[in-house]
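Undergrad: what follows is a predicted structure for the sequence shown.
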Amino acid sequence: QVLLAESGGGLVQAGGSLRLSCVASGLTFRNYAMGWFRQAPRKEREFAAAIDWVGRNTYYVDSVKGRFTISRDNAKNTVYLQMNSLKPEDTAVYYCAAAVTEWGPGARYDSWGQGTQVTVSS
């Protein structure tokens with residue numbers, strides 16, 4: 001059974017930073033591309049960032065480009081999302097997800113975590 005467990009969310013003031021972690025189990029982590037998604041209150045879930053199987057390629061939605069950095073450590077079965085210069089509009093539940101055959105915003109993500117809440121106060 002594939003399990004993805006996010007952590008690192010919390011309450012932060014605008015301009016602050018947080019680092020989210022997602023630990024994967026029940027899969028061969030290096031065989032999965034990973035993505036971070038977010039869902040703000042009363043909005044649909046949206047793609048935020050993705051990383052390929054070895055961490056060589058990354059992709060970001062325009063609204064987080066230059067502020068967020070996705071990375072992975074295959075030895076630790078973990079993907080990270082470093083979030084800097086946070087804005088109130090970044091407030092959302094953040095989810096990590098795993099995809100086998102593709103990577104990026106259009107990949108089919110088959111496994112999802114439960115999410116971690118990020119709240120940015122103004």
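TA: Looks like it arrived, so ask away.
Undergrad: and the residue nearest the centre of the chain, what pLDDT?
TA: Centroid-nearest residue in the chain, with Cα atoms, centre = their mean: Trp36, separated by 2.5 Å. On the pLDDT scale, Trp36 is placed at 98.
Undergrad: what's opposite it in the beta bridge?
TA: Ala49, Cys96 (DSSP bridges).
Undergrad: so what's the nearest residue to Leu27 once chain neighbours are set aside up against?
TA: The spatially closest residue to Leu27, leaving aside those adjacent along the chain, is Val2, at 4.9 Å (Cβ to Cβ, 6 or more residues apart in numbering). Using the backbone N, CA and C atoms, a C-beta is placed for each residue, glycine as well. Counting by Cβ atoms under 8 Å, 6 or more residues apart in numbering, Val2 makes contact with 24-27, 98, 110-111.
Undergrad: the residues you listed in helices, which ones?
TA: Among the contacts of Val2, DSSP state H puts none in helices.
Undergrad: now these: which count as buried?
TA: The neighbour-count criterion (16 or more other Cβ atoms under 10 Å) marks 24, 27, 98, 111 among the contacts of Val2 as buried.
Undergrad: where's the dip in pLDDT among these?
TA: Among the buried ones among the contacts of Val2, Leu27 carries the weakest pLDDT, at 93.
Undergrad: contact partners for that one?
TA: 2, 98, 111.
Undergrad: and for Gln114?
TA: Counting by Cβ under 8 Å, 6+ apart, Gln114 makes contact with 5-6, 95.
Undergrad: hmm, Trp103 is touching Ala33, no?
TA: Yes. Proximity of Trp103 to Ala33 meets the contact threshold set by Cβ atoms under 8 Å, at 3.3 Å.
Undergrad: right, and the residue nearest to the centre of the chain touches Cys96 too?
TA: Yes. In this structure Trp36 lies within contact range of Cys96 using Cβ under 8 Å: 5.7 Å.
Undergrad: shared neighbours of those two, which are they?
TA: Jointly contacting Trp36 and Cys96 under the rule Cβ under 8 Å, 6+ apart are 20, 22, 79, 81.
Undergrad: which pair in those spans the largest distance?
TA: Pairwise distances across the shared contacts of Trp36 and Cys96 peak at 8.7 Å for Leu20 and Val79 (criterion: Cβ to Cβ).
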